[in-house]
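Asker: just need the structure, nothing else, for what follows:
(one chain, ligands or ions: 1)
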Amino acid sequence: MGDLSLFLDEHHEMIRDMVRDFAEAEIAPVAAELDEAEAFPWANGARMAHLGLFGVPFEEEYGGAGMDLLAAAIAVEELARVDASHSIMVGAHTSLAATPIHRWGTAAQKERFLTPLASGQVLGGFGLTEPGSGSDAAAMRTVAEKSGNRWILNGQKTWITHGGVGEIFVVGALTSPERGARGITAFILTKETCDPAAAAEHGFGHSDDLVSMPGFSVGQKLRKLGWNASDTRELVFEDVEIPAENVLGEMDHGFPIFLDTLDGGRIGIAAHALGIAQGALDEAVRYTGEREQFGQKIQDFQGVRFMLAEMQVRVHAARVMTYHAARLRMEGKPHKKEASIAKLFASETAMEVTTRAVQLHGGYGYSREYPVERMMRDAKITEIGEGTSEIQKIVIARELLKEHGQV
Ligand SMILES: Cc1cc2nc3c(=O)[nH]c(=O)nc-3n(C[C@H](O)[C@H](O)[C@H](O)COP(=O)(O)OP(=O)(O)OC[C@H]3O[C@@H](n4cnc5c(N)ncnc54)[C@H](O)[C@@H]3O)c2cc1C
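Answerer: From the prediction side, this is the model:
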């Protein structure tokens, strides 16, 4: 992996070892089967909750592990090295659902919602994308109208990670539609998990203390190219009554909350993409050291070594960029550009390295016998979710031009 001790302390090394051991022992044996069956990893979710992986960067008073953002990124990276459906479970939950409540919630909201999330009692999600608004998130149509001391929410979200299995959601809605992005508010919504039987069996994923809000329902699981064991659905809101105490942050101030959440989430996706790329590189090194053609290991062909070297360079650069962005955010320094750079580079690295790993496995790379085809399918979403590569370039260029006083 190379010496990155400048970035890491013994706690980071400790969490890396712990998550790596767990992923190899508990995830590697079942990852292909869960992907094939498109089955949510309930049993491993419960184990991950027990290990504290759903609250790595949050204080112990909220049931978190009391570590930092870099530790959280390393946990995601190590899970993704073995299986991306498991790592997105931790990544989306931590950076998209728990983090905005941690950063913007009142003391009462943190106690009610952050504690069950950070302790891994229930899963959380983030509802920004709608059928008609993805990259242009401010063009959302979901509306919330004031009625006494409550809000009435109507609309729809799509592509929501943990849409079915989750119980706590941070959702955006227009509260002053005439003001566009300046008229969006963030709300905390709750419902029961879609699979109470599995939650009861595994003792994970449900809290009796959370209200199931009438009118808040979910669609069928969306079928996907990758992340097949991750639960992705539509959320539907029909006259959902939300008490005023579930407004997150100030009214009409939701968009900055979502942008800040995405800055952090992009570091999470970068860590996730980095892990996928590292996993594919490990597989490529292993396979090319075993497979023989023309009377020698294919690893001994210079053309193959050059390919491995190029993969290693990209993975190393992605790791440095990701850890650097994580450090900036955890130290409270500006990090918007660095988060987008890390996300853009790491996701393109994941796509390139997994594609090359498939190539280096020849026909076996194309078969489901080896994990590299799953890694290649799982890598693609990292170039799309939490802002496509094109959106990252827009952010990076805007920040660059701002630094030069040109916008
Ligand atoms: C598996 C999965 C899980 C997801 N989980 C969540 C979640 O938990 N919560 C959530 O809110 N969302 C989630 N998403 C949604 C995801 O964030 C969006 O898909 C993404 O932001 C892109 O939006 P879109 O799909 O509407 O694409 P569009 O915005 O329609 O983009 C289509 C194409 O147009 C390009 N494009 C758009 N605007 C520009 C521009 N200005 N300049 C150049 N090119 C442009 C895009 O880059 C892209 O190539 C998830 C998506 C998937 C697939």
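Asker: and for the closest residue to the ligand within the stretch 1-150 of the chain, the neighbour number?
Answerer: Using CB to the nearest ligand atom, residue 134 is the residue of the stretch 1-150 of the chain that sits closest to the ligand, at 1.7 Å. Using the backbone N, CA and C atoms, a C-beta is placed for each residue, glycine as well. Close neighbours of residue 134, defined as other CB atoms under 10 Å, add up to 17.
Asker: tell me how far it lies from residue 386.
Answerer: For residue 134, the distance to residue 386 (CB to CB, to the nearest Å) stands at 11 Å.
Asker: can you check residue 56 too?
Answerer: For residue 56, the distance to residue 386 - CB to CB - is 19 Å.
Asker: and what of residue 81?
Answerer: Residue 81 is 20 Å from residue 386, by CB to CB.
Asker: so between residue 56 and residue 386, which is more surrounded?
Answerer: Using other CB under 10 Å as the criterion, residue 56 and residue 386 rank with residue 386 on top: 29 against 26.
Asker: tell me the contacts of the more buried one?
Answerer: 262, 265, 266, 268, 269, 343 (CB atoms under 8 Å, 6 or more residues apart in numbering).
Asker: and it, what helix or strand is that in?
Answerer: Under DSSP states H and E, no helix or strand contains residue 386.
Asker: what residues are up against the residue of the stretch 1-150 of the chain closest to the ligand?
Answerer: Here residue 134 is in contact with residue 159 (CB under 8 Å, 6+ apart).
Asker: do you know how far it is from residue 140?
Answerer: 10 Å.
Asker: also residue 24?
Answerer: 41 Å.
Asker: more neighbours: which of those two?
Answerer: Remark: of residue 24 and residue 140, residue 140 carries more neighbours, 27 against 13, as counted by other CB under 10 Å.
Asker: quick one: pLDDT of that one?
Answerer: As predicted, residue 140 sits at a pLDDT of 98.
Asker: swap in residue 169?
Answerer: The model's pLDDT for residue 169 equals 98.
Asker: just checking, next helix/strand downstream of whichever strand or helix holds it?
Answerer: Element membership for residue 169, per DSSP H and E: strand 168-174. Moving toward the C-terminus from strand 168-174, the next helix or strand (DSSP H and E) is strand 184-190.
Asker: average pLDDT across stretch 36-44?
Answerer: Here the average pLDDT along stretch 36-44 is 98.
Asker: hmm, I typed the wrong one, I wanted stretch 226-234.
Answerer: Rounded mean pLDDT across stretch 226-234 is 98.
Asker: list of residues touching it?
Answerer: By CB under 8 Å, 6+ apart, stretch 226-234 touches 31, 34-41, 83-86, 88-89, 156-166, 194, 218-222, 224, 374, 377-381.
Asker: go with 7 Å
Answerer: Residues outside stretch 226-234 that contact it (CB atoms under 7 Å, 6 or more residues apart in numbering): 34-35, 38-41, 84-85, 88-89, 156-165, 218-222, 224, 377-378, 380-381.
Asker: what about burial for those, which qualify?
Answerer: Among the contacts of stretch 226-234, those classed as buried by 16 or more other CB atoms under 10 Å are 34-35, 40-41, 84-85, 88-89, 156-165, 218-219, 221, 377-378, 380-381.
Asker: of the residues you listed, list those near the ligand.
Answerer: 159, 160, 161, 381 (CB under 6 Å from any ligand atom).
Asker: would you say the first one is within a helix?
Answerer: No - assigned with DSSP: H, G, I helix; E, B strand; the rest coil, residue 159 falls outside any helix and is strand.
Asker: out of the ones next to the ligand among the buried ones among the contacts of stretch 226-234, what pair is the most spread apart?
Answerer: 160 and 381 (13.7 Å; CB to CB).
Asker: the stretch 151-300 of the chain: helices as residue ranges?
Answerer: 196-202, 254-290 (DSSP state H, counting those that start in this stretch).
Asker: any idea which of the ones you listed is most buried?
Answerer: helix 254-290 (a mean of 25; mean count of other CB atoms under 10 Å).
Asker: does that helix reach the ligand?
Answerer: No - judged by CB under 6 Å from any ligand atom, helix 254-290 makes no contact with the ligand; its nearest approach is 8.6 Å.
Asker: tilt between that helix and strand 168-174?
Answerer: 130 degrees (axes from the mean of the first three to the mean of the last three CA atoms, to 10 degrees).
Asker: packing partners of helix 254-290?
Answerer: helix 69-82, helix 84-91, helix 99-104, strand 184-190, helix 302-330, helix 336-360, helix 372-380 (3 or more CB pairs under 7 Å, 6 or more residues apart in numbering; DSSP states H and E).
Asker: for the fifth one, list every residue counted as buried.
Answerer: This points to helix 302-330. 304, 307-308, 311-312, 314-316, 318-330.
Asker: please apply the same query to the shortest one.
Answerer: Applying a neighbour-count criterion of 16+ other CB under 10 Å, the buried positions in helix 99-104 are 99, 100, 101, 102, 104.
Asker: of those, closest to residue 279?
Answerer: The closest of the buried residues of helix 99-104, once distances to residue 279 are taken by CB to CB, is residue 99, at 25.0 Å.
Asker: wait, isn't that closest one in contact with residue 264?
Answerer: Yes - between residue 99 and residue 264 there is a contact at 5.5 Å, judged by CB atoms under 7 Å.
Asker: pull up the residues of the stretch 101-250 of the chain that are close to the ligand.
Answerer: So far as CB under 6 Å from any ligand atom goes, the stretch 101-250 of the chain lies against the ligand at 125-129, 134-135, 159-161, 224, 227, 232.
Asker: could I get those as JSON lines with distance to residue 300?
Answerer: Below are those laid out as JSON lines (distance: CB to CB, whole Å):
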{"residue": "125", "distance to residue 300": "48"}
{"residue": "126", "distance to residue 300": "48"}
{"residue": "127", "distance to residue 300": "52"}
{"residue": "128", "distance to residue 300": "49"}
{"residue": "129", "distance to residue 300": "48"}
{"residue": "134", "distance to residue 300": "46"}
{"residue": "135", "distance to residue 300": "46"}
{"residue": "159", "distance to residue 300": "45"}
{"residue": "160", "distance to residue 300": "48"}
{"residue": "161", "distance to residue 300": "43"}
{"residue": "224", "distance to residue 300": "38"}
{"residue": "227", "distance to residue 300": "36"}
{"residue": "232", "distance to residue 300": "43"}
